[in-house]
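Generate coordinates for the sequence data below:
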Amino acid sequence: MQSKQKLMLSALTGLMVLGASASVMAEGETEKCLGVAMAGQNDCASINGSHSCAGQATVDHDAADWKNVPVGTCTQMGGEVSSS
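Okay, here's the model as predicted:
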C-alpha cells in the first residue's frame, strides 16, 4: 500500500473512532483493542512485554499494542478485542 493511501486510511479510521466514541464514550463502555494504536499513541503496556507504559508503541498497528475504544468498534477498525 502506498504511503498516501496509508495516511488516508489512518485518517478515516480516526474519524470513525471519533464519531463512534461520541455516543459510547459518554456511557464509559470501552474495550481493549489490539492492533489499532498508532506509534506513540497506545494506552498502556504491550501484551508481549516489549514496553511497559502508555505512549511507547514504536510502530503503527502493532498487534501487541492496544487502545481503549468504544465497545463494538474494535473489529470495525481492523483490530482484535483483547481477552485480557
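
Flag the helix or strand of this structure with the lowest per-element mean pLDDT.
Scoring the helices and strands of the chain by mean pLDDT, DSSP states H and E places helix 3-27 at the bottom, with a mean of 62.

The next helix-or-strand element following that helix: partners in the sheet, and parallel or antiparallel?
Later in the chain than helix 3-27, the nearest helix or strand by DSSP states H and E is strand 30-34. Strand pairing for strand 30-34, determined by DSSP bridges: strand 66-70 (antiparallel), strand 80-81 (antiparallel).

can you redo these as CSV with mean neighbour count and distance to residue 37?
Where you see a C-beta, it was placed from the backbone N, CA and C, and this is true even at glycine. Output for those, formatted as CSV (neighbours: other CB atoms under 10 Å; distance: least, CB to CB, whole Å):
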stretch, mean neighbour count, distance to residue 37
strand 66-70, 22, 5
strand 80-81, 14, 12
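
Tell me which of those sits nearest to residue 29.
strand 66-70 (6.8 Å; CB to CB).

Using CSV, write down the CA coordinates of that closest one.
Taking Å, rounded to 0.1, in the frame of the first residue of the first chain, the C-alpha atoms of strand 66-70 are listed here in CSV:
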residue,chain,number,x,y,z
TRP,A,66,-3.6,-1.6,22.2
LYS,A,67,-6.0,1.3,22.8
ASN,A,68,-9.3,1.5,24.6
VAL,A,69,-12.0,2.0,22.1
PRO,A,70,-15.8,2.2,22.3
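
gap between it and the chain center?
In terms of CA atoms, centre = their mean, to the nearest Å, the centre of strand 66-70 is found 5 Å from the chain centre.

Format the strands paired with strand 30-34 as TSV; extra columns: mean pLDDT and distance to residue 36.
Listed next are those as TSV, based on pLDDT from 0 to 100; distance: least, CB to CB, whole Å:
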stretch	mean pLDDT	distance to residue 36
strand 66-70	96	6
strand 80-81	96	9
